[in-house]
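Student: Please work out how this folds:
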Amino acid sequence: MTQPSLFVPHGAPTFALRPGAAGAAIGAMARSLPLPRAIVIVSAHWDTAVPTVGLAERPETIHDFWGFPEALYAIRYPATGCREAAEEVATALRDAGLPVATDASRGLDHGAWVPLRLMFPDADVPVIPLSIQSRGGPEQAWQLGRALAPLSRRGILVIASGNVTHNLGDYQFAARNGGRVPDYVREFPDWIAARLAAGDVPSLLDYRRLRPDGVQAHPSDEHLLPLFVALGAGGENASVNRFHAGIDDYVIAMDAYEFLPK
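Tutor: Residues are numbered from 1 along each chain as shown. This next block holds a predicted model:
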C-alpha cells in the first residue's frame, strides 16, 4: 500500500521524555498509516559527503548529546534493519544518478530514535538510516527526496526528521531573558507552510535569500534540509498536510508535515 512521506520534529533530546502535543501528533499520524514494510529515516544529525545508506542488522541507539538527564541515556530503541529494503534505497538513489555509499555499522542518532520511539514504540518495522549532505543545500536535499519517491508505492515510509526553526544561540538568550519567543519563530514557519501549500518549490529552495529571517531561523540549515527531503519524497504535486504546529523551548518550531503522493 502506498505510503506518504513525513517531516517530523525531533526538538531537544528531552522531547523523548516530554513529548507533549508534538509527540502526540506524530504518534497519532503513525497509527493512522498502513504498517510500512520498512522505514527510511533521514536525520539532521547524520551528515556525510555523499548519500549513505545504513545496513546494520540491529542499529544501535546513539546518545549523541551531553549534559542531559540520566534517564535519556538509559533509553534504547531496539530497531532492526532490513538488508533487502536498504538495497532498494541504494538502487533508487543510483537510478536517480546520485552517488551512494553504505555503512554497515551506523546506528540511530537522537534525530532518528526519538521520533521513531514515539511513532513506532514497539520497534516492529525495520529501519534504514539515510544521511543528509549539508554542503549540498536545499536543492540537493530535495533531489535526494525525489530519488526516494518511487519507494512509497513499495510500502516503504520515508520519515525525515529536523525542525523548521533551529537557532541554539537564540535559545540560550531566551532562557536567560524571560523566555520570550522571537517573532521569526512564528513567522518563518507560517511562510514555509504558505509556500508548501502553494506548491512553490523554487521559493522554498531559495529561502535564505527570500526570507530576511531565514538565516536567523537556521544559522546553518542542516535541520531544515530534512523538510526538503520529505517534500521531494512525496513526488510530483503531492498534497501537503501540516498536521502539527507548535513551539518548544522558546525557539524550536515543532511543525510536522505529511506529503501524500498523487
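
Student: Report the mean per-residue pLDDT for stretch 206-222.
Tutor: Mean pLDDT, stretch 206-222: 97.

Student: for the chain, longest helix please?
Tutor: Longest among the helix segments of the chain by residue count, using DSSP state H, is helix 184-198.

Student: Can you give me the distance of the spatially closest residue to H223 that is not a sequence neighbour to L231?
Tutor: Leaving aside its sequence neighbours, H223 sits nearest to H166 (C-beta to C-beta, 6 or more residues apart in numbering; 3.8 Å). The way it works is simple: take the backbone N, C-alpha and C, and place the C-beta from them, glycine included. According to C-beta to C-beta, to the nearest Å, H166 stands 17 Å off from L231.

Student: Compare the two (neighbour count), which wins?
Tutor: L231 (26 against 22; other C-beta atoms under 10 Å).

Student: Would you agree the more buried one is in contact with P261?
Tutor: No. Counting by C-beta atoms under 8 Å, L231 stays clear of P261, with 11.8 Å between them.

Student: Mutual contacts of the two, please.
Tutor: A238 (C-beta atoms under 8 Å, 6 or more residues apart in numbering).

Student: can you give me the helices for the stretch 101-250 of the chain?
Tutor: Using DSSP state H, counting those that start in this stretch, the helices of the stretch 101-250 of the chain run over residues 110-119, 137-148, 168-176, 184-198, 201-205, 207-210, 214-217, 225-233.

Student: Now stretch 89-97: average pLDDT?
Tutor: 98.

Student: Can you show me the CA trace of it as PDB?
Tutor: What follows is stretch 89-97, C-alpha atoms only, in PDB (Å, rounded to 0.1, in the frame of the first residue of the first chain):
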ATOM      1  CA  VAL A  89      17.000   2.500  -1.200                       C
ATOM      2  CA  ALA A  90      20.500   2.400  -2.600                       C
ATOM      3  CA  THR A  91      19.200   1.300  -6.000                       C
ATOM      4  CA  ALA A  92      16.700   4.100  -6.100                       C
ATOM      5  CA  LEU A  93      19.400   6.700  -5.400                       C
ATOM      6  CA  ARG A  94      21.700   5.200  -8.100                       C
ATOM      7  CA  ASP A  95      18.800   5.100 -10.600                       C
ATOM      8  CA  ALA A  96      18.400   8.900 -10.000                       C
ATOM      9  CA  GLY A  97      22.000   9.400 -10.800                       C
END
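
Student: Show residues contacting that stretch.
Tutor: 40, 51, 53, 100, 102, 128, 130, 143-144, 146-148, 150-151, 156.

Student: Likewise for stretch 182-194?
Tutor: With C-beta under 8 Å, 6+ apart, stretch 182-194 has contacts from 164-165, 170, 174, 204, 207, 211, 213-214, 216-217, 227, 242, 245, 247, 250-253, 255.
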